[in-house]
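Chemist: What shape does this take:
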Amino acid sequence: MAVCLSRRAFYTAACAGLAVLALPGARASARLLDEPHVICYTSADSVYAKVLFAKFTKATGIRVDAVFDTEATKTTGLVQRLLNEKDSTAANRADVWWSSEPFGTIKLARSGVLGEFTAPRAEAQMKPHGGWPANLRAADSSWYGFGSRARVIVYNTKFVTAADAPRRPGQLLRPALKDRVAIARPQFGTTRGHFAALVYRFDEEPFETWLTSLKAHGVRLMDGNASVVAAVARGECRVGLTDTDDVYAGQREGWPVAISWEEQLTRVLRADEPGIPVGADLPGMGSMLIPNTVGMVKGGRNRAAAVELVEYLLSPAAQRSLAQTDSRNTPVDPDVRKEFAQYDVQNAGELDLVKVADKIDAAMAICSRVLGA
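Modeler: Residues are numbered from 1 along each chain as shown. Prediction:
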């Protein structure tokens with residue numbers, strides 16, 4: 001007996017993950033390009049992003065075709081791809097850019113890849129709270145910031161007590177931690193922005209002195225923040241620089257890791273004081289917040305669907321979903337944030353993200369001189 005499916009029924013079944021038979025004479029295609037869909041390039045962890053995309057599709061019927069990056073080249077790989085595709089007319093180029101950090105987004109905005117846009121529903125939701133936070137909204141209206149995580153020091157609880165855990169970059173140079181400090185390669189991911197923030201806050205010379213001492217101290221370079229946490233959990237390293245979401249993921253696995261929140265010092269130690277090694281006077285700047293960012297790619301072919309995806313990512317529902325995952329991203333909406341107060345970032349430092357972005361090239365030049373390419 002012949003079975004006929006309407007185009008909409010075909011699409012609905014496909015979105016639901018049901019098997020759909022190709023009928024004689026039908027186009028042999030896994031997807032129908034004229035059905036509602038949006039192409040999103042994202043550096044967010046796929047395990048978390050897929051949860052949000054599935055909820056979005058269920059709520060709107062709009063399919064998300066996601067392109068993810070790797071852990072080793074996170075953010076930078078997709079940023080370069082978007083730059084390469086800037087003038088492309090291909091049907092499969094991005095509509096939406098969702099980044100797990102702000103600095104690649106700032107670069108894309110400055111390069112003309114992202115267009116000006118406003119998310120009316122998101123703005124209305126935050127109006128009772130004074131509007132969308134200024135530090136999470138581009139001055140040229142090319143991107144929004146939302147759910148944040150923080151840069152922290154992770155330590156192995158079997159070898160380091162909470163009282164003895166380092167609380168500022170200079171304390172990574174303690175003699176007891178020689179050859180036992182891990183960082184992700186700074187050319188990629190959030191370490192890149194973190195080091196730029198150190199240059200922005202404390203200037204180039206103190207940062208280079210600290211990094212040079214850290215190399216002499218036997219710092220270990222890892223392929224990503226998750227690898228830093230894993231090395232600390234194994235006891236291969238005692239401490240490391242990483243992100244909160246990677247520590248929470250390790251704790252979910254039962255690993256002996258904990259967070260040490262970076263402190264803000266009012267007094268800067270002097271390098272020539274007794275017992276303080278060169279570079280150990282680099283003070284703390286507080287826990288650096290790393291927001292997710294989202295922007296609309298100029299020239300995207302699925303504008304209406306892209307608007308819906310952006311509005312969804314900025315919505316209280318999506319903020320709540322991100323906070324409920326192991327990433328524990330801090331929501332923007334104060335009402336939602338209260339629901340996850342136990343995961344609030346401690347000692348959060350105030351940073352101008354655009355000015356930090358201006359220091360990335362200087363920070364990376366120092367990293368190349370000290371650590372090598």
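Chemist: for Lys50, what are its contacts?
Modeler: The contact partners of Lys50, by Cβ atoms under 8 Å, 6 or more residues apart in numbering, come to Ala66. From N, CA and C alone the C-beta is placed, and that goes for glycine too.
Chemist: could you say which helix or strand contains it?
Modeler: Element membership for Lys50 (DSSP states H and E) is helix 46-60.
Chemist: How many residues are close by Asn84?
Modeler: Neighbour count of Asn84, defined by other Cβ atoms under 10 Å: 9.
Chemist: Low-confidence regions, the stretch 1-150 of the chain specifically.
Modeler: Scanning the stretch 1-150 of the chain for pLDDT under 70 picks out the ranges 1-34, 70-75.
Chemist: just to revisit the earlier point, follow the chain on from the helix holding Lys50 and name the next helix or strand.
Modeler: Counting by DSSP H and E, what follows helix 46-60 is strand 63-68.
Chemist: got the angle between the helix or strand that that next one is followed by and strand 63-68?
Modeler: With elements assigned by DSSP H and E, the helix or strand that comes after strand 63-68 is helix 76-84. With axes from the mean of the first three to the mean of the last three Cα atoms, to 10 degrees applied, the angle from helix 76-84 to strand 63-68 works out at 110 degrees.
Chemist: quick one: which helix or strand includes the residue lying closest to Phe340 once chain neighbours are set aside?
Modeler: Take Phe340 and drop its neighbours on the chain: the residue closest to it by Cβ to Cβ, 6 or more residues apart in numbering is Ala323, 4.5 Å away. Here Ala323, judged by DSSP H and E, is contained in helix 316-324.
Chemist: what do you get for Val356?
Modeler: helix 353-357.
Chemist: Averaged pLDDT, the following helix or strand past the helix holding Ala323. What do you get?
Modeler: Downstream of helix 316-324, the next assigned helix or strand under DSSP H and E is helix 334-338. Average pLDDT, helix 334-338: 95.
Chemist: what's in contact with helix 334-338?
Modeler: 129, 316, 319-320, 323, 330-331, 344.
Chemist: Over to stretch 61-69?
Modeler: For stretch 61-69, using Cβ under 8 Å, 6+ apart, the contacting residues are 11-12, 15, 31, 35-43, 46, 49-50, 53, 56-57, 75, 77-78, 92, 94, 305, 308-309.
Chemist: so who does the residue nearest to Phe340 touch?
Modeler: Here Ala323 is in contact with 147, 329-331, 336-337, 339-340, 343 (criterion: Cβ under 8 Å, 6+ apart).
Chemist: one more time with 6 Å
Modeler: Counting by Cβ atoms under 6 Å, 6 or more residues apart in numbering, Ala323 makes contact with 329, 331, 340.
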